[in-house]
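Undergrad: Sequence and computational prediction follow.
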Amino acid sequence: MTTVPVEMIKTKKERFDRVPDRRSADFHEELFRLEDAGELIVQRVPEDFVAVPTKYGVTKKIPRGHLWHHKSCGQCGHIPGYSTSIYWIMRKLGYDYHDPRDQTSCTAWNYYASATSNQAAQAAVALRNFAAAYETGYFPLIHCGTSYGHYKEVRAEIMRHPELRAQVRKVLEKLGKPLVMPEEIVHYSEYLYALRDEIKQNQVRDFSGIGVTVHPACHYYKLVEGDAIYDPDVYQGQRTAVVTGLATALGADVREYSTWFDCCGFGFRHILVQRDFTRSFATMRKIEVMKEEANPDVVLTHDTGCVTTLDKSQFAAQAHGRNVGVPVMSEAQFAALAMGAHPFRVCQLHWHSANYRPLLEKMGIDWEKAWAEFQDEVGRLERNEKEFSTWEDVGV
Amino acid sequence: MATITMDPYYKAPKVAGFADVPGEEKERLIAEVVADPRFHDYLYGCYECGICVAACPSARFYDFSPRLIAQAAARRDVELMFQQMQEDIWECSQCFSCLRCPRGNNPGGIITVMREVAVNNGLASAREALEGYSRIIYKIMSTGTQVSPDMLQPDAFPDWGPEVADVSESLALWRRALPPETHHTTTTGWAVADRTLIELYLIWLETGALDMISQVDEGLHMILEEVMEERLEEEGIER
């Protein structure tokens, strides 16, 4: 080994200014300043909103209705009961929304998996979607945790870098769209958390005996951490309050486990092309730990990739005799079930893999009868007695 | 043959399994990383405390360390950063658990930038890492949604259990049984309007994102370019 002179290291090493306080500032002030300067338009939160606390005390406005649903590819494609439950809850509570076709994916799953995109493209995709929402007058509600986290990153970059703003504005001009940023970037789990009391008021099934473990989604609370909801009454404000706040309000028995901070193992590219890692992490660091320490009846989480990973990874592990076998769903599906939603016609649990039937029994749901009802509906579709199932068919 | 160089973390190229390149080329690549406007927002020095490693899922299953990523970037260790671009960066889960860093470093973000440079320069590591991934790129860039219901095929997901086959067999009917009107699709996650898709194509073309694909998969780039240009031509849009 050669001793490297200290001076040589010093010349190569970058100088860093110590950040005196890492707490993120309230971004709204800068956002409105940019609007005053004519740099962008801020789409205001509709007047009917709930004020909730974020990590460092900044208040966040969560609109109750008039929402533009920014859908998730993974939810709509592979877990359709996820998005269906979100709509169903809004309809049940009587809030209006718009389900747009003028929406693309945020494309961030691909970006975090393959990097086959760039900063300007990612920002332009986000701002095209925001502009599309603005044109309808409805306020965006983001279904996917990764879209939500990525869009918050885009917001920070757009506010910080004038050259990026200029580049994206030029692209948007070609599309005939203005540069719009919503006053708040709102995730659906924040919406459900904010409306948890209204959801509870509409609860028709008793969940007091249901043991729950919660997996908080990384891209919800680790990316741009200051803008995630933290509540002094939930985990003493030490962890994000969404999901847990709702499950507790519904009377479920939320149980602790030690690896709550770990990610699910999704990995973005790994789930698609290197699943040995995903399976190992999801089962050994999450499901098995939950089973051993908390033995839950169900795992609740609030992002596309987490539901997919934690649910689908269990089959292979079960074949190897590992201590797995617990249903996984979003808290949206859980809340919809609490409010009386059909487990198959609304929550679409037949798209899930881990066995959810014992959970349904514990919830007092006759899953065999419910499955027969779903099969009857499929029969009607097969015989072309109707083209599609409708909201009226599922009571909202 | 010595397998360890002066830096204990640096593997000799023959052992590391990638072809070495001249120093100037490494300098050029790393300069691209550092020139990214996000780079300086992602790096504030390193206490060497290892909190990022403790929080990192990939560190548990791979020979991977977010701490090494931050340290190599902080001291502009061109040799080590180049080596990391050959393998380490593709092991990252991009969960951003490493943002727990008490200095505010973002090793996951540095990796995003390093990956982008690897793709932009057509590095062999990027081509290798994205083998088998082309259909996903095609799907997201050409249809506007990343995954679609018809991807749920038992031979593509044999490890996901028999439910995948159930979904696949009943796909069209089960999609028609979904109440949301936008969800009746099988080849896209939801129904995306034609005009929306054209706007997305313009974004890929105007920002250079489509050009990036040519660096890692020439065939896919040709197909995507043809699809996009044909649609734009049909709409009478000139670039």
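TA: Thanks, I have it. All figures in this text were calculated on a predicted structure; none of them were measured in a lab.

Undergrad: only C-alpha atoms for contact and neighbour calcs from this point on.
TA: Will do.

Undergrad: in the helix or strand containing residue B:231, what's buried?
TA: Using DSSP states H and E, residue B:231 maps to helix B:218-234. Within helix B:218-234, the residues that count as buried by 16 or more other C-alpha atoms under 10 Å in any protein chain shown are B:220-221, B:224-225, B:228-229, B:231-232.

Undergrad: Pull the residues that contact that helix.
TA: B:134, B:138, B:141-142, B:198, B:201, B:210-211, B:213-214, B:238 (C-alpha atoms under 8 Å, 6 or more residues apart in numbering or on different chains).

Undergrad: try 10 Å
TA: B:134-135, B:137-139, B:141-142, B:194, B:197-202, B:204-205, B:210-215, B:235-239 (C-alpha atoms under 10 Å, 6 or more residues apart in numbering or on different chains).

Undergrad: average pLDDT across it?
TA: The average pLDDT for helix B:218-234 rounds to 96.

Undergrad: next helix or strand past the lengthiest helix in chain A?
TA: In chain A, assigned by DSSP state H, the helix with the most residues is helix A:119-136. Counting by DSSP H and E, the next helix or strand C-terminal to helix A:119-136 is strand A:139-142.

Undergrad: Report whether that following strand contacts chain B.
TA: No - on the criterion C-alpha under 10 Å from any C-alpha of the partner chain, strand A:139-142 is out of touch with chain B, staying 14.8 Å away.

Undergrad: do the same with stretch A:207-217
TA: Yes - judged by C-alpha under 10 Å from any C-alpha, stretch A:207-217 and chain B are in contact via residue A:217.

Undergrad: quick one: that stretch to chain centroid distance?
TA: Put simply, stretch A:207-217 sits 16 Å off its chain's centre (C-alpha atoms, centre = their mean, to the nearest Å).

Undergrad: Can you check the distance spanned by it, start to finish?
TA: 23 Å (C-alpha to C-alpha, to the nearest Å).

Undergrad: circling back: from the contacts of helix B:218-234, which are also near chain A?
TA: Restricting the contacts of helix B:218-234 to those near chain A - C-alpha under 10 Å from any C-alpha - leaves B:134, B:137, B:139, B:141, B:194, B:197-200, B:202, B:204-205, B:210-213, B:215, B:239.

Undergrad: tally of neighbours for residue B:41?
TA: Residues near residue B:41, counting by other C-alpha atoms under 10 Å in any protein chain shown, number 14.

Undergrad: Go through the buried residues of helix B:218-234 and name the one nearest chain A.
TA: residue B:221 (11.4 Å; C-alpha to the nearest C-alpha).

Undergrad: For the closest one, give its distance to residue B:135.
TA: 12 Å.

Undergrad: Past the lowest-mean-pLDDT helix or strand in chain A, which element shows up next along the chain?
TA: One helix or strand of chain A scores below all others by mean pLDDT, DSSP states H and E: helix A:6-12, with a mean of 68. Downstream of helix A:6-12, the next assigned helix or strand under DSSP H and E is helix A:28-36.

Undergrad: could you say what helices and strands that next one packs with?
TA: strand A:41-43, helix A:145-160, strand A:180-182 (3 or more C-alpha pairs under 10 Å, 6 or more residues apart in numbering or on different chains; DSSP states H and E).

Undergrad: contact partners of the helix or strand that the second one is followed by?
TA: Downstream of helix A:145-160, the first helix or strand assigned by DSSP H and E is helix A:162-175. Contacting residues not belonging to helix A:162-175 are listed as A:39-40, A:119-125, A:127-128, A:131, A:157-159, A:176-180, B:37, B:195-196, B:198-200, B:202-203, B:205-207, B:239 [C-alpha under 10 Å, 6+ apart].

Undergrad: Quick check: which element contains the residue of the stretch 51-200 of chain A found nearest chain B?
TA: The minimum distance from the stretch 51-200 of chain A to chain B, using C-alpha to the nearest C-alpha, falls at residue A:77 (4.3 Å). Using DSSP H and E, residue A:77 maps to helix A:73-78.

Undergrad: Residue A:269 contacts residue A:276, correct?
TA: No - look at residue A:269 against residue A:276 with C-alpha atoms under 10 Å: they stay out of range, at 11.6 Å.

Undergrad: more crowded one of those two?
TA: residue A:269 (25 against 13).

Undergrad: which SS class is the nearest residue to that one once chain neighbours are set aside?
TA: Nearest non-adjacent residue to residue A:269, counting by C-alpha to C-alpha, 6 or more residues apart in numbering or on different chains: residue A:113, 4.2 Å away. Under DSSP: H, G, I helix; E, B strand; the rest coil, residue A:113 falls in the helix class.

Undergrad: Tell me how many other residues surround residue A:113.
TA: 26.

Undergrad: do the same with the one 4 residues further on
TA: Using other C-alpha under 10 Å, the number of residues around residue A:117 comes to 25.

Undergrad: Check the separation of the first and last residues in stretch B:84-96.
TA: Note: stretch B:84-96 ends 18 Å apart using C-alpha to C-alpha.

Undergrad: which intervals of chain B have sub-threshold pLDDT?
TA: B:1-17 (pLDDT under 70).

Undergrad: Now do the contacts for the residue nearest to residue A:269.
TA: A:267-273, B:90, B:92-94, B:112, B:115, B:129-130, B:133, B:136-137.

Undergrad: In helices, which of those fall?
TA: Checking the contacts of residue A:113 against DSSP H, those in helices are A:270-273, B:90, B:112, B:115, B:129, B:136-137.

Undergrad: JSON lines for those, including neighbour count and distance to residue A:26?
TA: Shown next, in JSON lines, are those (neighbours: other C-alpha atoms under 10 Å in any protein chain shown; distance: C-alpha to C-alpha, whole Å):
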{"residue": "A:270", "neighbour count": "19", "distance to residue A:26": "35"}
{"residue": "A:271", "neighbour count": "20", "distance to residue A:26": "35"}
{"residue": "A:272", "neighbour count": "16", "distance to residue A:26": "37"}
{"residue": "A:273", "neighbour count": "17", "distance to residue A:26": "39"}
{"residue": "B:90", "neighbour count": "26", "distance to residue A:26": "34"}
{"residue": "B:112", "neighbour count": "24", "distance to residue A:26": "26"}
{"residue": "B:115", "neighbour count": "28", "distance to residue A:26": "31"}
{"residue": "B:129", "neighbour count": "20", "distance to residue A:26": "39"}
{"residue": "B:136", "neighbour count": "21", "distance to residue A:26": "37"}
{"residue": "B:137", "neighbour count": "23", "distance to residue A:26": "36"}
